[in-house]
Every structure is written in C-alpha cells, then in structure tokens.
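**Q** Got a predicted structure here, sequence first:
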Amino acid sequence: MIEELTRRYLDAVDQALPGYVSSLYVVGSAALGAWQARASDVDTVILTSRPATDDDLVRLAKVHAGMPRPPHLDGVYLDPAVARSWPTDRPVVPFVVDGELRTDQPCGELTPVLWLTLRRYGIPVRGPAAAELGIRVDPEQLRRYNLDNLREYWQRRAATFPTELAEVAPDMIVDPGIVTWFVLGPARSHYTLTHDDVISKATAGVYLAQLFPEYADLAHRAVRWRAGAAEQFTATDLAAAGDSVHAVADDAWRRFDD
C-alpha cells in the first residue's frame with residue numbers, strides 16, 4: 001500500500017508538474033516499521049526543484065485532491081532554500097494534512113522530531129539516501145521542543161478533561177482514537193528526551209507501561225486498538241489518559257528542564 005500510494009502520487013505530480021519533485025522520503029510510522037492500514041496515514045517529506053508558483057500550487061492541489069483516501073498521503077514540501085536550513089520556526093510552506101494541501105499558514109509539521117526521523121529513518125522513494133541530505137538536528141532545539149510540546153500541547157488539552165467529563169457517566173463509551181492519542185503521544189516525547197531517538201506509537205505504549213506501570217493496562221489496550229482489536233474505552237479511561245499525560249509531562253520537566 002505504501003509503495004503503491006507514493007508511486008501513484010509521483011506519477012500524478014510528474015504529469016502535472018514535470019521536474020518539480022526532486023526527492024520524496026517516507027517518514028512517520030511507515031519509516032519506523034509500525035505502519036498499520038487501519039490507523040496510519042503515509043507521511044512524507046518532499047523536496048522540490050524550485051519554490052512553488054501560484055500556478056504550481058493550483059496544480060498540486062488538484063494532484064492531492066485526486067489521491068485515494070484513506071490512507072492519506074500527507075507531508076511537507078521543501079524548496080531548495082528551505083531544505084538547506086531545516087527550519088523549526090513554523091515557516092509558511094506547502095504541506096498536506098489528511099490529504100488536503102495547505103499553502104497559506106505556518107507549518108507546524110516542521111519540527112526537530114521530523115528532522116531526526118528523516119535523518120535516521122527516512123525511506124527514499126526518490127532521491128539519495130536521507131543520510132546524504134546534510135540534515136542538522138540541534139540537541140537543544142530537540143530538547144526544548146519536546147518539553148514545550150508536552151506542556152503547551154498535551155497538558156493544556158488534558159487540563160480540560162475534568163470539566164468536560166464532570167457530568168458524564170463514568171461508563172459512557174468514548175472515541176477510542178481520542179483516548180489512544182492522549183495515552184501514546186506524550187510517551188513518545190518522553191522517550192525522545194530520554195534517548196535522543198524516535199519511536200512509534202506502538203512502542204510508546206510499551207514505554208509508558210514501563211515508565212508508569214499504573215497506566216500499563218490502558219497503554220496495552222490503546223496499542224491493541226490501533227492494531228485492529230475491538231477495544232472499547234469509557235469516560236473513566238479518558239480521565240485516566242489525561243492523568244497519564246500529566247504524569248509523563250511532569251516527569252519529563254523534572255528530569256530534563258535545565
């Protein structure tokens with residue numbers, strides 16, 4: 001599926017914009033050996049031969065609108081100047097989320113974690129090996145990004161759970177995707193802070209269970225759901241997921257905030 005999807009994209013973009021896409025690398029769960037047809041999209045980094053013109057963007061939008069879904073082919077476009085700098089300051093570049101091309105907003109996908117994943121695990125579909133791209137990952141930027149992400153993204157959202165669940169029956173069934181998102185995501189950031197490496201969501205479940213055994217059952221159920229098992233989650237599980245976010249983030253800040 002991954003090879004078929006990337007080849008279909010390259011055939012379409014080469015026809016629409018000959019010579020525009022110079023390299024394409026698969027990152028994300030597919031690069032980490034954890035891609036699952038039921039739960040994963042195909043994440044990519046796409047290097048171009050030139051900055052995109054308005055006409056290029058119109059044609060790119062048509063290419064992405066014509067791609068099959070799900071899974072989506074998502075990713076970021078880097079022209080030569082952007083690729084030389086490997087930015088982490090959310091510049092405005094074309095990027096694709098859930099199969100939709102976005103062209104006029106800061107790209108939050110450009111992070112030190114993406115560059116670390118690309119450098120170590122990126123799979124070249126077109127272009128040289130990722131190790132030959134000269135990707136730079138600043139250790140301090142990587143540390144700061146993960147700490148800030150844990151506090152400003154994960155904890156800020158988890159902090160709303162008590163209010164949202166205050167009048168909800170504890171056994172009410174909730175969206176398993178939301179529970180799984182909050183159970184597994186923060187553990188990945190914690191692992192990167194600890195090991196200067198990147199892990200998949202499935203491996204993050206194992207890591208969380210080891211780090212905080214009180215959340216082991218919830219973590220294992222989240223991993224099983226992502227793998228296709230018929231797991232159900234309740235409001236009580238969502239509340240526990242929020243508690244796990246705070247446990248992971250607080251531990252990371254205690255250990256890694258210099």
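**A** Alright, I've got the coordinates. Residues are numbered from 1 along each chain as shown.
**Q** what's Val42 in contact with, if anything?
**A** When contacts are counted by Cβ atoms under 8 Å, 6 or more residues apart in numbering, Val42 touches 1-2, 5-6, 26, 28, 30, 35, 71-74. In this view, the C-beta of every residue, glycine as well, is placed from N, C-alpha and C.
**Q** Among these, which lie within strands?
**A** With strands defined by DSSP state E, the entries of the contacts of Val42 inside them are 26, 73-74.
**Q** Where do the helices of the stretch 1-150 of the chain begin and end?
**A** If DSSP state H, counting those that start in this stretch is used as the criterion, the helices of the stretch 1-150 of the chain fall at 2-16, 28-31, 54-65, 80-85, 112-121, 139-148.
**Q** before we move on, the earlier item: where does confidence bottom out across the contacts of Val42?
**A** Note: of these, the lowest pLDDT belongs to Trp35, at 68.
**Q** Give me whichever of the helices of the stretch 1-150 of the chain is most buried.
**A** Mean neighbour count, computed with mean count of other Cβ atoms under 10 Å, is highest for helix 28-31 among the helices of the stretch 1-150 of the chain, reaching a mean of 23.
**Q** who does that one touch, helix- and strand-wise?
**A** Contacting helix 28-31 under the criterion 3 or more Cβ pairs under 8 Å, 6 or more residues apart in numbering; DSSP states H and E are the following elements: strand 42-48, helix 112-121.
**Q** 6 Å - rerun?
**A** The helices and strands touching helix 28-31, judged by 3 or more Cβ pairs under 6 Å, 6 or more residues apart in numbering; DSSP states H and E, number zero.
**Q** List the contacts of stretch 101-108.
**A** The set of residues that contact stretch 101-108 without belonging to it, under Cβ atoms under 6 Å, 6 or more residues apart in numbering, is 57, 60-61, 64, 90, 92-95.
**Q** Output that stretch as CSV, nothing but the C-alphas.
**A** Included here for stretch 101-108 are C-alpha records, laid out as CSV according to Å, rounded to 0.1, in the frame of the first residue of the first chain:
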residue,chain,number,x,y,z
LEU,A,101,-3.0,20.8,0.6
ARG,A,102,-2.5,23.9,2.8
THR,A,103,-0.4,26.8,1.4
ASP,A,104,-1.1,29.9,3.4
GLN,A,105,-0.4,29.1,7.0
PRO,A,106,2.6,28.4,9.3
CYS,A,107,3.6,24.7,9.0
GLY,A,108,3.7,23.2,12.5
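**Q** Only the buried residues of it, if you could.
**A** Buried residues in stretch 101-108, defined by neighbour count with 16 or more other Cβ atoms under 10 Å: 101-103, 107.
**Q** and what of stretch 221-232?
**A** Neighbour-count burial for stretch 221-232 flags 221-223, 225-226, 231 (criterion: 16+ other Cβ under 10 Å).
**Q** quick one: terminal-to-terminal distance for stretch 113-128?
**A** Using Cα to Cα, to the nearest Å, one end of stretch 113-128 lies 21 Å from the other.
**Q** sorry, back to before: identify, from the buried residues of stretch 221-232, the entry nearest to Asp197.
**A** For the buried residues of stretch 221-232, the residue nearest Asp197 by Cβ to Cβ is Val223; the value is 18.8 Å.
**Q** Kindly provide the distance from the closest one to Leu116.
**A** Between Val223 and Leu116 the computed distance is 23 Å (Cβ to Cβ, to the nearest Å).
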